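Visitor: Just need the structure, nothing else, for what follows:
(one chain, ligands or ions: 1)
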Amino acid sequence: MAEDEVYLESVALTRTLPCLAEPGKIIVIGSPSRDLSDVLPFLATLPNIITYNPDASTLTFRRERGFLTLYRDKVIVIQVDNAEQGLDLLAALVDAINATWTHRHELAAINTPRRAPRPLDVWALLPQSNCKVCGEATCMAFAFAVLQQQRAVEECTPLAEDAAFVDRRVTLEAMLGVGA
Ligand code: SF4
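Guide: Predicted coordinates:
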């Protein structure tokens with residue numbers, strides 16, 4: 001039993017992008033030193049999971065502020081203060097992945113989709129301008145309607161069409177299990 005086996009050596013910070021929708025914040029993109037597919041079913045047992053899609057190998061966590069999405073070959077963290085914080089987050093992620101892998105025999109791997117976003121999670125990724133273009137009075141009302149499957153994400157025109165919101169849209173689509 002290889003209880004001390006290390007799953008992952010590192011997640012290298014490969015890119016940072018300005019978070020255009022939130023000046024001062026950045027998006028951090030990381031590249032894991034190993035394909036994450038094998039550990040995702042165990043990571044999906046952790047708290048603060050918003051969405052897990054085993055078919056697409058995507059797992060989104062809620063952070064204190066912002067979100068972290070794992071793909072088999074990529075990590076995206078949004079609403080990060082600076083590159084230094086990004087490096088700290090990726091290092092903490094490596095530790096969490098390795099700890100989870102070490103204890104995997106005690107965990108019941110999850111291989112079915114999970115989806116538990118809250119209205120605030122959806123709202124946090126909307127433009128929050130209450131522009132009413134979607135027909136709802138507020139972005140929060142739109143968030144509720146999306147979760148009740150009465151409205152589709154693409155009905156928020158600013159989110160769908162404004163390049164400033166690309167990272168939010170991609171994260172929201174992963175969270176909701178929609179989109180490409
Ligand atoms: S269109 Fe988008 S930004 Fe405008 S109110 Fe609706 S959800 Fe908010």
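
Visitor: tell me the secondary structure for the residue nearest the centre of the chain?
Guide: Centrality entry for the chain: nearest residue to the mean C-alpha point is Thr69, 2.9 Å, by C-alpha atoms, centre = their mean. Counting by DSSP: H, G, I helix; E, B strand; the rest coil, the backbone at Thr69 sits in strand.

Visitor: which residues does it contact?
Guide: Thr58, Leu59, Thr60, Phe61, Val75, Ile76, Val77, Thr171, Ala174, Met175 (C-beta atoms under 8 Å, 6 or more residues apart in numbering). Any C-beta I mention is one placed from the backbone N, CA and C, and that applies to glycine too.

Visitor: Cross-check the residues you listed against the ligand and keep the overlap.
Guide: When contact is defined as C-beta under 6 Å from any ligand atom, the contacts of Thr69 do not meet the ligand at all.

Visitor: Tell me how many other residues crowd Asn111.
Guide: 11 (other C-beta atoms under 10 Å).

Visitor: Next, give phi and psi for it.
Guide: Main-chain dihedrals, Asn111, degrees, to the nearest 10: phi -120, psi 10.

Visitor: Now do it against Arg63, distance only.
Guide: 25 Å (C-beta to C-beta, to the nearest Å).

Visitor: Write out the residues of the protein neighbouring the ligand.
Guide: By C-beta under 6 Å from any ligand atom, the part of the chain that sits against the ligand consists of 126-127, 129-134, 136, 139, 142, 156-159.

Visitor: Let me know the closest of these to Ile26.
Guide: Within the set of the residues of the chain next to the ligand, Pro127 lies nearest Ile26; the separation is 18.4 Å, counting by C-beta to C-beta.

Visitor: tell me the contacts of the closest one?
Guide: Here Pro127 is in contact with Ala21, Cys139, Cys156, Pro158, Leu159, Asp162, Phe165, Arg168 (C-beta under 8 Å, 6+ apart).

Visitor: Repeat the analysis, applying 7 Å as the threshold.
Guide: Ala21, Cys139, Pro158, Leu159, Phe165 (C-beta atoms under 7 Å, 6 or more residues apart in numbering).

Visitor: and what of Glu136?
Guide: Glu136 is in contact with Phe142, Ala145, counting by C-beta under 7 Å, 6+ apart.

Visitor: Regarding it, which helix or strand does it belong to?
Guide: Under the criterion of DSSP states H and E, Glu136 resides outside all helices and strands.

Visitor: and the gap between it and Pro158?
Guide: 13 Å.
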